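> got a predicted structure here, sequence first:
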Amino acid sequence: MTPITPIVRAEASQAMLVWMLGVQADAVERIDSGPGPMTDRGLIRRSLGVEGPTIRGDVIEGEVQATAAHALYAHEGRRPGKPPPTRPLREWAERKLGASADEARSVGFLVARAIGRRGTNGNPFLREPFEAALPRLFSSLADAVARGVAKSFPPQTI
């Protein structure tokens, strides 16, 4: 197998980065139009980032991720079972409902208990932009490799 030239690597890496930033932008748009826990304080939006891309051998990889503590629960939802922590819910009640500390403690407990009993639905703010953009990734990478090969091996004049 012929090794990938540095020019092809650079072109592929640039194409992957542009694609990942597009997924991130689409995720931000989805978050901004989404419900409650994703827009309350903007923590998920601010935690979105890209890592990579990296190329090892003939594999290119990168990540678009949300690192906020509650991002997974907002994305995937939460099954019924153990209730979530009450502190963030108490703070939410004070901030959004103008509740006193005692009222917020009650509201936080009741909301946490309801979530523990019923669970929550997720909002796949990363999965859907990723799946929508996936076909573009393959064509972008193919174009990038073609550009890199053309730059690496220009036609010879005789």
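Thanks, I have it.
> can you give me the helices for this structure?
6-32, 43-47, 71-76, 87-97, 101-118, 127-152 (DSSP state H).
> out of these, which is closest to R56?
With Cβ to Cβ as the criterion, R56 lies closest to helix 6-32 of the helices of the chain, at 10.5 Å. Quick note: C-beta positions are derived from backbone N, CA and C, even for glycine.
> returning to what we had before: redo the helices of the chain as TSV? Include distance to R56 and mean pLDDT.
What follows is the helices of the chain, written out as TSV (distance: least, Cβ to Cβ, whole Å; pLDDT from 0 to 100):
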stretch	distance to R56	mean pLDDT
helix 6-32	11	94
helix 43-47	26	92
helix 71-76	27	92
helix 87-97	39	92
helix 101-118	41	95
helix 127-152	15	93
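> make a markdown table from these and add mean neighbour count and distance to V64 to it.
Formatted as a markdown table, these follow (neighbours: other Cβ atoms under 10 Å; distance: least, Cβ to Cβ, whole Å):
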| stretch | mean neighbour count | distance to V64 |
| --- | --- | --- |
| helix 6-32 | 18 | 5 |
| helix 43-47 | 18 | 11 |
| helix 71-76 | 18 | 12 |
| helix 87-97 | 16 | 24 |
| helix 101-118 | 15 | 27 |
| helix 127-152 | 15 | 7 |
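> out of those helices, which is closest to G57?
Nearest to G57, of those and by Cβ to Cβ, is helix 6-32 at 10.7 Å.
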